[in-house]
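K.L.:
predicted model follows, preceded by the sequence.
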Amino acid sequence: VARWTGIPVSKMLQSERDKLLNMEEELHKRVVGQVEAISAVSDAVRRSRAGLQDEKRPIGSFIFLGSTGVGKTELAKALAEYLFNDENMITRIDMSEYQEKFSVMRLIGSPPGYVGYDEGGQLTEAVRHKPYSVVLFDEIEKAHPDVFNVLLQVLDDGRLTDNKGRTVNFKNTIIIMTSNLGSHLISESYEFLESGNMEEVMSRTRENLLELLRKTIRPEFLNRIDEIIVFTPLSKENITQIVKLQFDQVVRRLSGTDVKINLTDKAVDWLSVMSYEPHFGARPVKRVLQRNVLNELSRRILAGQVDKSEPIVIDVENNELVFRN
């Protein structure tokens, strides 16, 4: 049933009360930091499930603002996995592909007589086949202004008519738009950031970002958005947590090969220090792990130098990572 309809079976069977009440806790297992963002998204979902949301509109519509690598797209994926039990229940549309006026037609499909009429629209077809999903519009500031005209009726009435006249229902979707707009403002605010004044600096930055957003996107569109959320910069403690999360993924990948690896606390700290670049968020973590852990590990596995009966312990000596087996 789930494969045919795109409606998760657990949605119909499982009592969701406990799941919804513990939503923040579950999302924090995957997305580090960003307390405000997670609680705003969770509140919107709970409102909808409790029957307090306008029935015609989508479950929730959000704009995520913040610099690169702070978890905007990751939160959208975590939400899809948590609500619909599948990370793939996400329709991701990259708005950098919609910079031209004519490209807007690709969202709902080309009109009769034009190339691509039979294929349907990228957005309407995706939601028709996956009615319960998260729809992610990445980097909306790059889209042509006409794209927002199409999205207006989605946010208002929760429906869209495609090129063949079929009405596509969006009321079971969560609409998320991400933007790097004003990331230079966030970069500038880093310079004044200290542990004591973080709230004050972020509140000032938030006002500046919203001002910039109002100049870029029309007010009638912004008025229909449930929440505009500014993602905070990641701290050193956040990066340490992300290193552990990424390392757990490596352990899971190796679980089928009988190779076991452990990371000492000193190694976690060393990797965190190497990965901490405030302007790039969590993105350097993956590169640092690849360069310092995965490259050496892959060489040892291919050379047959790994004793599978004992775990490989990764530690730090003389400010360098060492592998003990």
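P.N.:
The structure has been received and is ready for your questions.
K.L.:
quick one, helices of the stretch 201-325 of the chain?
P.N.:
In the stretch 201-325 of the chain, the helices defined using DSSP state H, counting those that start in this stretch lie at 219-222, 236-254, 265-275, 283-289, 295-302.
K.L.:
name the residues of the fourth one that are buried.
P.N.:
Along helix 283-289, these residues count as buried under the neighbour rule (16 or more other C-beta atoms under 10 Å): P284, V285, V288, L289. C-betas here are computed from N, CA, C, even on glycine.
K.L.:
right, and the first one touches E277 too?
P.N.:
Yes. Between P284 and E277 a contact is recorded at 5.2 Å, counting by C-beta atoms under 8 Å.
K.L.:
determine the residues that are contacts of both of those two.
P.N.:
Shared contacts of P284 and E277, defined by C-beta atoms under 8 Å, 6 or more residues apart in numbering, are not found at any residue.
K.L.:
before we move on, the earlier item: out of the buried residues of helix 283-289, which is nearest to E125?
P.N.:
Proximity of the buried residues of helix 283-289 to E125 was ranked by C-beta to C-beta; the top entry is V285 with 35.1 Å.
K.L.:
sorry, back to before: how about the helices of the stretch 201-325 of the chain in CSV, adding distance to I228 and mean pLDDT?
P.N.:
Compiled in CSV, the helices of the stretch 201-325 of the chain are given as follows (distance: least, C-beta to C-beta, whole Å; pLDDT from 0 to 100):
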stretch, distance to I228, mean pLDDT
helix 219-222, 7, 89
helix 236-254, 22, 91
helix 265-275, 29, 93
helix 283-289, 23, 93
helix 295-302, 41, 90
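K.L.:
what's the closest of those helices to E81?
P.N.:
Each of the helices of the stretch 201-325 of the chain was checked against E81 via C-beta to C-beta, and the shortest separation belongs to helix 236-254, namely 13.8 Å.
K.L.:
low-confidence stretches in the stretch 1-150 of the chain?
P.N.:
Judged by pLDDT under 70, the stretch 1-150 of the chain has its weakly predicted residues at 1-16.
K.L.:
all strands for it, in order.
P.N.:
Using DSSP state E, counting those that start in this stretch, the strands assigned to the stretch 1-150 of the chain run over residues 60-65, 90-94, 133-138.
K.L.:
Throw those into JSON lines and include mean neighbour count, thanks.
P.N.:
Converted to JSON lines, the strands of the stretch 1-150 of the chain look like this (neighbours: other C-beta atoms under 10 Å):
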{"stretch": "strand 60-65", "mean neighbour count": "24"}
{"stretch": "strand 90-94", "mean neighbour count": "17"}
{"stretch": "strand 133-138", "mean neighbour count": "23"}
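K.L.:
next, count neighbours for P112.
P.N.:
Using other C-beta atoms under 10 Å as the criterion, P112 is surrounded by 8 other residues.
K.L.:
phi, psi for it please.
P.N.:
Backbone dihedrals for P112, given as degrees, to the nearest 10, come out at phi -50, psi 140.
K.L.:
hang on, the earlier thing: let's have the helices of the stretch 201-325 of the chain in a markdown table, adding distance to E74.
P.N.:
Output for the helices of the stretch 201-325 of the chain, formatted as a markdown table (distance: least, C-beta to C-beta, whole Å):
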| stretch | distance to E74 |
| --- | --- |
| helix 219-222 | 24 |
| helix 236-254 | 10 |
| helix 265-275 | 16 |
| helix 283-289 | 11 |
| helix 295-302 | 24 |
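K.L.:
figure out which of those is closest to K77.
P.N.:
Proximity to K77 (C-beta to C-beta) singles out helix 236-254 among the helices of the stretch 201-325 of the chain, at 13.1 Å.
K.L.:
which residues sit in contact with the spatially most central residue of the chain?
P.N.:
Nearest to the centroid of the C-alpha atoms of the chain, with distances taken as C-alpha atoms, centre = their mean, sits T73, at 1.9 Å. By C-beta under 8 Å, 6+ apart, the contact list for T73 reads L136, D138, T178.
K.L.:
and the end-to-end length of stretch 82-96?
P.N.:
28 Å (C-alpha to C-alpha, to the nearest Å).
K.L.:
i'd like the first residue to be 13 from this point on
P.N.:
Okay, using 13 as the starting number, the last item reads as stretch 94-108.
K.L.:
just say helix, strand or coil for V180.
P.N.:
Three-state assignment for V180 (DSSP: H, G, I helix; E, B strand; the rest coil): strand.
K.L.:
which non-adjacent residue is nearest it?
P.N.:
Sequence neighbours aside, T136 is the residue nearest to V180 in space, at 4.6 Å (criterion: C-beta to C-beta, 6 or more residues apart in numbering).
K.L.:
can you check E99 too?
P.N.:
On the basis of C-beta to C-beta, 6+ apart, the spatially nearest residue to E99 that is not a chain neighbour turns out to be E93, at 4.3 Å.
K.L.:
K41 versus that neighbour, what's the distance?
P.N.:
11 Å (C-beta to C-beta, to the nearest Å).
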